[in-house]
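**Student:** I'll drop the sequence and a predicted model, then ask my questions.
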Amino acid sequence: MDEIEKPRRTRAPEWTPEENALLRKVWKKPEPLKTVTHLFSGRSENALVMHGMRLGLPDRRRKMPGKRTAKTIWPRIEAALKVRSASVDELAALARCSNCTVRRFIKAKRANVHIEKYLPAIETRNVLALWVWGAGEDAPRPPRMTETELKARYKLKLERERPEELDRQRAKARVRKARRDGRLVRRDPMVAALFGASA
């Protein structure tokens with residue numbers, strides 16, 4: 001049986017001084033390297049990364065994400081806030097990023113944004129800040145709900161949506177109270193096996 005001849009892997013050409021200069025130039029930009037591979041004939045994104053490391057260029061994985069999101073995500077957040085006020089959750093959905101990223105940008109651009117108003121607490125959620133574009137004083141924050149108020153709201157929510165769960169919790173509370181008051185004594189398993197369960 002004839003052995004199938006494997007195609008020979010061609011060796012990549014040596015890097016020229018012009019390519020090195022071009023790589024150093026694009027390395028500083030926040031755009032992903034895969035978007036500039038067409039400038040380097042026959043070289044892949046991985047080849048650019050490996051050669052950049054050989055040249056001693058800084059680690060793009062640490063340096064670039066912040067710059068990249070500043071050019072892409074922040075403009076979307078800014079555009080949304082210039083149209084209307086929005087919460088962190090809404091901005092994250094509009095800018096297609098995480099809540100953490102939105103909060104980081106708001107903190108960095110705090111002089112350009114302010115809290116227009118707070119939405120009242122709903123069920124178990126506390127007050128919600130609505131951010132808007134422009135310098136200004138933040139709306140006064142209403143007092144936070146107390147632990148008692150939060151529990152009361154949660155109880156109302158259970159009554160509406162999951163009454164069976166509320167019944168289960170109440171039954172457990174009754175058993176705990178009966179044990180504390182001495183009205184419910186656990187029978188020893190060995191005694192129960194010999195003499196039967198208590199009445």
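**Tutor:** Happy to help now that I have it.
**Student:** wait, is His114 part of a strand?
**Tutor:** Yes: counting by DSSP: H, G, I helix; E, B strand; the rest coil, His114 is found in a strand.
**Student:** Was I right to think it contacts Ala129?
**Tutor:** No: using C-beta atoms under 8 Å, His114 makes no contact with Ala129, being 9.9 Å away. Bear in mind the C-beta positions are built from the backbone N, C-alpha and C, glycine included.
**Student:** Now the most centrally placed residue in the chain: closest residue in space, sequence neighbours ignored.
**Tutor:** In the chain, the residue lying closest to the centroid (C-alpha atoms, centre = their mean) is Ser98, at 4.1 Å. Residue nearest to Ser98 in three dimensions, not counting chain neighbours: Ala92, with 6.1 Å by C-beta to C-beta, 6 or more residues apart in numbering.
**Student:** show me where this structure has helices.
**Tutor:** Applying DSSP state H to the chain gives helices spanning 17-27, 45-54, 60-83, 88-95, 99-108, 147-161, 163-180, 189-195.
**Student:** So for Leu33, which of these sits nearest?
**Tutor:** Between Leu33 and the helices of the chain, the shortest separation by C-beta to C-beta is 4.9 Å, and it involves helix 45-54.
**Student:** how far off helix 17-27 does that closest one point, in degrees?
**Tutor:** 100 degrees (axes from the mean of the first three to the mean of the last three C-alpha atoms, to 10 degrees).
**Student:** list the helices and strands helix 45-54 packs on?
**Tutor:** Contacts defined by 3 or more C-beta pairs under 8 Å, 6 or more residues apart in numbering; DSSP states H and E place helix 45-54 against helix 17-27.
**Student:** picking up where we left off before, need the helices of the chain in JSON lines (columns: mean neighbour count, distance to Lys34 and mean pLDDT).
**Tutor:** Output for those, formatted as JSON lines (neighbours: other C-beta atoms under 10 Å; distance: least, C-beta to C-beta, whole Å; pLDDT from 0 to 100):
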{"stretch": "helix 17-27", "mean neighbour count": "13", "distance to Lys34": "11", "mean pLDDT": "92"}
{"stretch": "helix 45-54", "mean neighbour count": "15", "distance to Lys34": "4", "mean pLDDT": "90"}
{"stretch": "helix 60-83", "mean neighbour count": "15", "distance to Lys34": "12", "mean pLDDT": "77"}
{"stretch": "helix 88-95", "mean neighbour count": "17", "distance to Lys34": "22", "mean pLDDT": "89"}
{"stretch": "helix 99-108", "mean neighbour count": "16", "distance to Lys34": "22", "mean pLDDT": "87"}
{"stretch": "helix 147-161", "mean neighbour count": "12", "distance to Lys34": "47", "mean pLDDT": "81"}
{"stretch": "helix 163-180", "mean neighbour count": "11", "distance to Lys34": "50", "mean pLDDT": "85"}
{"stretch": "helix 189-195", "mean neighbour count": "10", "distance to Lys34": "67", "mean pLDDT": "68"}
